[in-house]
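Visitor: Sequence and computational prediction follow.
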Amino acid sequence: MAKSPSKHTKKQQQQQQQPERRVMKNIPIRDVVASKGITRAIQTFRKKKAYKAQQTARSLRQYRKVMKQEGYDAGKGAGRKRHAASTHEEDDEPKITDSTAGDGAETKPKRKPKYNPYQKAMKQKIQHEEERKIKQQQYEEQDKLRKQKLRQRKQRTRQIMTQRTRRGQPIMKQVVDGLLQKLGGGGQK
């Protein structure tokens, strides 16, 4: 009969294998990779990136040089943003304001206002306030006219009620008519 491997032999085998695993963990990746294609690809990628950086630096230097010759300040302004007004102009001279403006500074293109989500509500509020002011003015005018008419009517009734005969007695006809008007009967005028 064949003996099955004992537990003691399994432990010895595991201890023998552990140092090999530790050695594998400390090996750099480039040594593990069998093909040199991956390392070559990484190197070419880095070279391309460095070449591209050199190209952009060269073109930026040329751009700054040309801008300085033209009289502009290179690298100042909106960066990558292009304004509609500046793309349609073909003159190479910088814009100068009127001589009455003062120091002759260059004009800057106007920016578009930012979007305001409450703009519609604000317009409605302003319109509502204007309508309210108009209604208030109309009410005040009507109230003024009503008070003026009331004042005139009171003055007329006072004149009528204060009428006297030659001997100083009140004229009873107008007193009775005034009382009937107050009661709602109508009376004569």
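Guide: Everything's here; your move.

Visitor: so is residue 67 in a helix, a strand, or just coil?
Guide: Here residue 67 is helix, with the state taken from DSSP: H, G, I helix; E, B strand; the rest coil.

Visitor: Name the nearest residue to it, sequence neighbours excluded.
Guide: residue 74 (3.7 Å; Cβ to Cβ, 6 or more residues apart in numbering). Every residue, glycine included, has its C-beta placed from N, CA and C.

Visitor: cool, residue 171 as well?
Guide: In this structure, residue 171 finds its nearest non-sequential neighbour in residue 163, 5.0 Å apart by Cβ to Cβ, 6+ apart.

Visitor: I figured that neighbour was touching residue 173, is that so?
Guide: No. Applying Cβ atoms under 8 Å, one finds residue 163 not in contact with residue 173, separated by 9.6 Å.

Visitor: Tell me which residues touch residue 142, please.
Guide: Applying Cβ atoms under 8 Å, 6 or more residues apart in numbering to residue 142 gives no contacts.

Visitor: and the gap between it and residue 136?
Guide: With the distance defined as Cβ to Cβ, to the nearest Å, residue 142 ends up 11 Å from residue 136.

Visitor: count of neighbours near the residue nearest to residue 171?
Guide: Neighbourhood size, residue 163 [other Cβ atoms under 10 Å]: 11.

Visitor: And it, what's its pLDDT?
Guide: Looking at residue 163, its pLDDT reads 90.

Visitor: what stretches of this structure score poorly on pLDDT?
Guide: Counting by pLDDT under 70, the chain has low-confidence residues at 1-8, 10-36, 76-106, 185-189.

Visitor: Can you show me the helices along it?
Guide: Here the chain has its helices, by DSSP state H, at 7-25, 29-32, 37-70, 84-88, 119-161, 172-183.
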